[in-house]
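**Student:** sequence and computational prediction follow.
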Amino acid sequence: MQRVVRSSIIDAPIERVWAILRDFNSHIDWHPVVAESAIEGGEPPDRVGCVRRFVLDNGARLREQLLSLSDSEHRLTYCILESEVPLERYVATVQLRPVTDGTATFWHWESTFGTPPGRERELADMVGSGVYDAGFAGMRRYLARGRAGGATAVAAGETLTTDAIVVERPGGPEVLALRRLDVAPPGPGDARVRHAAIGVNYFDVQVRAGHHGGMVPGSALGVEASGVVIDVGPGVTQVMPGDRVAYASYPPGSYCGIRNVPAAQLVRVPDEVSNEVAAAGLLKGLTAEYLLFRLHRLEPGTAVLVHSAAGGLGSIVAQWASHLGAVVIGTVSNREKAHDARTHGCAHVVVTSDYRFADAVLAATDGRGADLVIDGLGEAGVDENLAALARFGHWISVGNTSGPIATIPVAALSDKSGTFSRPVLFHYTADPQRLAAMASRLWEAIAAGAVRPVIGETFSLGAAAEAHRRLEARATRGSLLLIP
């Protein structure tokens, strides 16, 4: 058996480096020899036992398994399960320790493995130089790229000003007003983010109207945006100035150019995902992730009814569900949107402007109905959703464009042994580790082409009211963005 040991100093705090390395699939972002990588089975990338399958830049394929992970010790161990490189019984350990002043990290990386006779030196050099030394250099470049990612340097303690769309009182789009707001330096646990693109969601319309209890007169609207970290407050190690990030979090406040955001709610955006795609797809993509992987596990052949299948959320759910082998039935309001829905993976499309669709769903499923209903219609769709639901079906309410559901028809559900759910995204993403795993799965789906967030229209920040009018009129296709 051979033993290869390398160590290096990384110019970043230990929690920052560990936040990257504890993601067992992060090497696709920072290691120069990794060309493709994915966690098998959609498992979280920090779950002990998960397996990453990846391809090196020379075409060699490997499968590695995470054997142990300790956040308190900043240590992880992994092994090779399968490899086209002849490394036998390979087991490696990564150990981080803080440098004395806390601003840098000592990274120790070692492994033991067997080799074919006569190839000991060749493979030891490959591991030591080609994997470990190259990995140290790749991490430095990755961190430096983050620091240089477009953040504007600010003086310590400097208050900035920004344009913002604020809500003066509950009401229609006319209550949205463009104001100039001060943005204080980030406090403990916060990061100050300069927005590049802002997502517009129907949730924003409901908050503007006074629902959900999230509207504070004079405060900014919006829960989704992408951009770059300007500076961070005390105790923040998850992100650093210059990192490209996105978020979809409550309370509202994203309709602005600069904002303080809890760092625990930020996710780093991969280089291959644009700011616009991140802002258009994060909230809706995270919603699709928990709908299809956590709240209801899809099986091939599952009949899924998706309302507003040409819209921002509907298009992502339809794409992802179709990729997973589901038979997707989409409803849309006109024939132009029907074409979009088909391109998003809908096997059947129902054009309806009066909330009647159950007969068409039953016809498309030979009378069985939909095993899963993703419903953003609300009250006007209750009877039809029940009629379209299959025995043992799951009806998930994710919105109420026609008004909130007044009562849950329990007796009608019991006739089909059906279940009803009314989940909230922000409950799923409240835990930072779960949020990171959900975002990782979304970025991987986007990279694989399984999900392509559709950007319908973009508006200037000052045109937010017009974006709301179009959204409420159901005149949009895909996601809407504000550009500050």
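**Tutor:** Everything's here; your move.
**Student:** got the CA coordinates for stretch 106-114 in PDB?
**Tutor:** C-alpha atoms of stretch 106-114 as PDB (Å, rounded to 0.1, in the frame of the first residue of the first chain):
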ATOM      1  CA  PHE A 106      -4.600  24.700   6.800                       C
ATOM      2  CA  TRP A 107      -5.800  21.900   4.500                       C
ATOM      3  CA  HIS A 108      -4.400  18.400   5.000                       C
ATOM      4  CA  TRP A 109      -5.200  15.800   2.300                       C
ATOM      5  CA  GLU A 110      -3.900  12.200   2.400                       C
ATOM      6  CA  SER A 111      -4.800   8.800   1.100                       C
ATOM      7  CA  THR A 112      -3.700   5.200   1.000                       C
ATOM      8  CA  PHE A 113      -4.100   2.800  -2.000                       C
ATOM      9  CA  GLY A 114      -2.600  -0.100  -3.900                       C
END
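**Student:** now that stretch, how far from the centre of its chain.
**Tutor:** Centroid separation for stretch 106-114 versus its chain: 32 Å, with Cα atoms, centre = their mean, to the nearest Å.
**Student:** just stretch 246-257 next, same as before
**Tutor:** Per Cα atoms, centre = their mean, the centroid offset for stretch 246-257 relative to its chain is 15 Å.
**Student:** before we move on, what about stretch 436-453?
**Tutor:** Averaging C-alpha positions (Cα atoms, centre = their mean) puts stretch 436-453 7 Å from its chain's average.
**Student:** which of the residues in that stretch are buried?
**Tutor:** Buried positions in stretch 436-453, judged by neighbour count with 16 or more other Cβ atoms under 10 Å: 436-447, 450-453. C-betas here are computed from N, CA, C, even on glycine.
**Student:** what's the farthest-apart pair in those?
**Tutor:** Using Cβ to Cβ, the buried residues of stretch 436-453 reach their maximum pairwise distance at A436 and R452, which is 22.2 Å.
**Student:** nearest to V183 among the buried residues of stretch 436-453?
**Tutor:** Nearest to V183 among the buried residues of stretch 436-453: A439, at 24.7 Å, using Cβ to Cβ.
**Student:** quick one, phi psi at that closest one?
**Tutor:** When read as degrees, to the nearest 10, the backbone of A439 gives phi -60, psi -40.
**Student:** tell me the pLDDT of it.
**Tutor:** You'll see A439 listed with a pLDDT of 94.
**Student:** next: P170.
**Tutor:** Confidence score, pLDDT, at P170: 91.
**Student:** name the SS class of it, please.
**Tutor:** coil (DSSP: H, G, I helix; E, B strand; the rest coil).
**Student:** right, and it touches G210 too?
**Tutor:** Yes - P170 is in contact with G210 according to Cβ atoms under 8 Å; the separation is 3.2 Å.
**Student:** point out where the stretch 1-150 of the chain drops to low pLDDT.
**Tutor:** 101-102, 145-150 (pLDDT under 70).
**Student:** can you give me the helices for it?
**Tutor:** Along the stretch 1-150 of the chain, the stretches classed as helices by DSSP state H, counting those that start in this stretch are 14-21, 27-30, 120-125, 134-147.
**Student:** I329 is in contact with T302, correct?
**Tutor:** No - in terms of Cβ under 8 Å, T302 does not count as a neighbour of I329; the distance is 11.0 Å.
**Student:** which of the two has more neighbours?
**Tutor:** I329 (27 against 21; other Cβ atoms under 10 Å).
**Student:** the more buried one is in contact with V306, isn't it?
**Tutor:** Yes - between I329 and V306 there is a contact under Cβ under 8 Å: 7.1 Å.
**Student:** shared neighbours, those two?
**Tutor:** C346 (Cβ atoms under 8 Å, 6 or more residues apart in numbering).
**Student:** against W107, how distant is the closest residue in space to P32 that isn't next to it in sequence?
**Tutor:** In this structure, P32 finds its nearest non-sequential neighbour in G138, 4.6 Å apart by Cβ to Cβ, 6 or more residues apart in numbering. Using Cβ to Cβ, to the nearest Å, G138 is found at 12 Å from W107.
**Student:** which of these two has more neighbours?
**Tutor:** Legend: neighbour count by other Cβ under 10 Å for G138 and W107, higher for W107 (23 against 17).
**Student:** so what pairs up with the more buried one in the strands?
**Tutor:** Per DSSP bridges, the residues bridged to W107 are S8, L96.
**Student:** quick revisit: which ones are touching the residue nearest to P32?
**Tutor:** Residues near G138 by Cβ under 8 Å, 6+ apart: W30, H31, P32.
**Student:** one step back: got a markdown table for the helices of the stretch 1-150 of the chain, with distance to D431 too?
**Tutor:** Below are these laid out as a markdown table (distance: least, Cβ to Cβ, whole Å):
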| stretch | distance to D431 |
| --- | --- |
| helix 14-21 | 15 |
| helix 27-30 | 22 |
| helix 120-125 | 41 |
| helix 134-147 | 24 |
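**Student:** ok, which of these comes nearest T103?
**Tutor:** That would be helix 14-21 among these, by Cβ to Cβ, at 9.6 Å.
**Student:** so which elements touch the closest one?
**Tutor:** Here helix 14-21 touches strand 88-98, strand 105-114, helix 134-147, going by 3 or more Cβ pairs under 8 Å, 6 or more residues apart in numbering; DSSP states H and E.
**Student:** can you do 7 Å?
**Tutor:** strand 88-98, strand 105-114 (3 or more Cβ pairs under 7 Å, 6 or more residues apart in numbering; DSSP states H and E).
**Student:** packing partners of the shortest one?
**Tutor:** To tie it back to what came earlier, the one meant is strand 105-114. On a contact count with 3+ Cβ pairs under 7 Å, 6+ apart, strand 105-114 meets strand 2-10, helix 14-21, strand 88-98.
**Student:** again, but for the first one
**Tutor:** The contact analysis (3+ Cβ pairs under 7 Å, 6+ apart) places strand 88-98 against helix 14-21, strand 75-83, strand 105-114.
**Student:** domain ranges for this structure, per the record?
**Tutor:** 2-147, 160-282+428-483, 300-422 (automatic domain parsing).
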